[in-house]
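Enquirer: Next comes the sequence, and after it the predicted model I'd like to discuss.
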Amino acid sequence: VVVLSLLMYPVLRSLALQLHSAVTGSYISGTHSIAFINCLNEQIAKDIARAIMDKKLAACVNILPKSSALYFWKGELEESTEILLLVKTRTSKIGELSNYVRSIHPFEIPEIISLPIDQGNPLYLKWIEDSVPRD
């Protein structure tokens, strides 16, 4: 019984939080995330952003202007300019988003990282939820 309780805790906690959110209208921290994706140039960034939106994997993708990057690649220090995508989506979509972007991105190892959204404008967070279909 103890082992079963421990195994069921994450599921029961998630259900309780969803029920609480539905009843109170409050936001559950971490329900949505921002993913960061670096691209070689603006055209690639626009193409990837459009592909993400066409697949309904995000509510919004911001394309930020060029930034300088220093990084190690194959043991050598490299310097380049990159375009950064900020992708607002459901946390539950991050795996699918990452797989899809890796399949279309020209980099051998594209940067795709995400951070959960802790809090924010409730109306904006609701808009993300309404814009990105559930799993």
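Expert: Received the coordinates, thanks. Residues are numbered from 1 along each chain as shown.

Enquirer: Next, work out how far apart the closest residue to residue 63 other than its chain neighbours and residue 80 are.
Expert: Nearest non-adjacent residue to residue 63, counting by CB to CB, 6 or more residues apart in numbering: residue 45, 5.0 Å away. Using the backbone N, CA and C atoms, a C-beta is placed for each residue, glycine as well. Distance, residue 45 to residue 80, by CB to CB, to the nearest Å: 14 Å.

Enquirer: more neighbours, these two?
Expert: Of the pair residue 45 and residue 80, residue 45 is the one with more neighbours under other CB atoms under 10 Å, namely 22 against 13.

Enquirer: So for that one, what's the pLDDT?
Expert: Looking at residue 45, its pLDDT stands at 98.

Enquirer: contacting residues for it?
Expert: Residue 45 sits next to 39, 63, 83, 85 when contact means CB atoms under 8 Å, 6 or more residues apart in numbering.

Enquirer: For the one helix or strand the second one maps to, what does the pLDDT average out to?
Expert: Just to be clear, that refers to residue 63. Element membership of residue 63 [criterion: DSSP states H and E] is strand 60-73. Mean pLDDT, strand 60-73: 95.

Enquirer: by contact count, what packs against that strand?
Expert: Using 3 or more CB pairs under 8 Å, 6 or more residues apart in numbering; DSSP states H and E, the elements in contact with strand 60-73 are helix 42-54, strand 76-90.

Enquirer: Just confirm residue 99 is within a helix.
Expert: Yes: judged by DSSP: H, G, I helix; E, B strand; the rest coil, residue 99 forms part of a helix.

Enquirer: how close does the residue nearest to residue 63 sit to residue 28?
Expert: Distance from residue 45 to residue 28, counting by CB to CB: 31 Å.

Enquirer: same question, residue 9
Expert: Applying CB to CB, the value for residue 9 to residue 28 is 16 Å.

Enquirer: before we move on, the earlier item: each with direction, which strands does the strand holding residue 63 pair with?
Expert: strand 76-90 (antiparallel) (DSSP bridges).
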